[in-house]
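**Q** Return atomic coordinates for the entry below.
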Amino acid sequence: MEVVGLLLCVAAAVLTWGFLWVWDSWERMKSPEQAGLPGGGSRTLLVTAHPDDEAMFFAPTVLGLVRMRHQVSLLCFSAGNYYNQGETRKKELLQSCDVLGIPPSNVMIIDNRDFPDDPGVWWDTERVADVLLRHVEASRINLVVTFDAGGVSGHSNHVALYAAARTLHAQGKLPKGCSVLTLQSVNLLRKYLSLLDLPCSLLCARDALFVLSRREAAQAQVTHPLRLDISIYRFFPATRGPVLPA
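**A** Purely as a prediction, here's the structure:
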């Protein structure tokens, strides 16, 4: 009986510690600034592959950065013309960005044969990297946000963006002071648990975490009914350890 009582006490202590840790992490996450992220007024470039990526995968991030008073721009590498609906999807992208807080003047859509919307086509890494670097330098970007090596859904176009960012970092071409955040891919179950995944997300190792408030969730719902409520990020490279200098 004494052993059982001791085990119960240990279990209660662990549960209490876990609850307090999650609560503290939640409170810190709600603060305007997150550790490692540049402060208000910073210039952030969201890099996506297709129209609706910004809403489906990055809505919490964009709304969180706008809340932090970042100047957010979007660079979309295709018009999403896989089903010959490119013109419609470009208009939808501009409408989505307007809802999320990215002005039309800050949206660049690349629509050429070098970057077709096609999961069977691997975009040339050097070409993607060249385009990305030009936009980073021209707009004096402080923070680049894009997919990780898993591309969330495994889409080759998503992964190509990560490969380009990785190449620029490896070659030391990113301007001094420019950091890269990559969206952490999770398994299918966690991806669609929405806020039920919050405890797990808080406990997982990460460098930045964006969670939609109730008001922001309603705002994001307008852009995409299947958007994710939580976005977990790691500074590039997407491994634990110290952040490499940009």
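**Q** how far away is the residue nearest the centre of the chain from residue 200?
**A** In the chain, the residue lying closest to the centroid (C-alpha atoms, centre = their mean) is residue 183, at 4.1 Å. Residue 183 sits 16 Å away from residue 200, going by C-beta to C-beta, to the nearest Å. Where you see a C-beta, it was placed from the backbone N, CA and C, and this is true even at glycine.
**Q** do the same with residue 166
**A** Distance from residue 166 to residue 200, by C-beta to C-beta: 27 Å.
**Q** ok, now residue 98?
**A** 33 Å.
**Q** before we move on, back to that, isn't the residue nearest to the centre of the chain up against residue 57?
**A** Yes. Using C-beta atoms under 8 Å, residue 183 is in contact with residue 57, at 6.3 Å.
**Q** residue ranges for the helices of this structure, please.
**A** 2-30, 53-56, 59-67, 86-100, 125-138, 151-154, 156-170, 188-191, 198-203, 214-223 (DSSP state H).
**Q** who touches the fifth one?
**A** Same thing as helix 125-138. 45, 47, 73, 75, 77, 108, 110, 114-115, 141, 144, 160-161, 163-165, 167-168, 173-175, 178 (C-beta atoms under 8 Å, 6 or more residues apart in numbering).
**Q** Just the buried residues of it, please?
**A** Across helix 125-138, burial judged by 16 or more other C-beta atoms under 10 Å covers 125, 128, 129, 131, 132, 133, 135, 136.
**Q** Closest to residue 102 out of these?
**A** residue 135 (14.1 Å; C-beta to C-beta).
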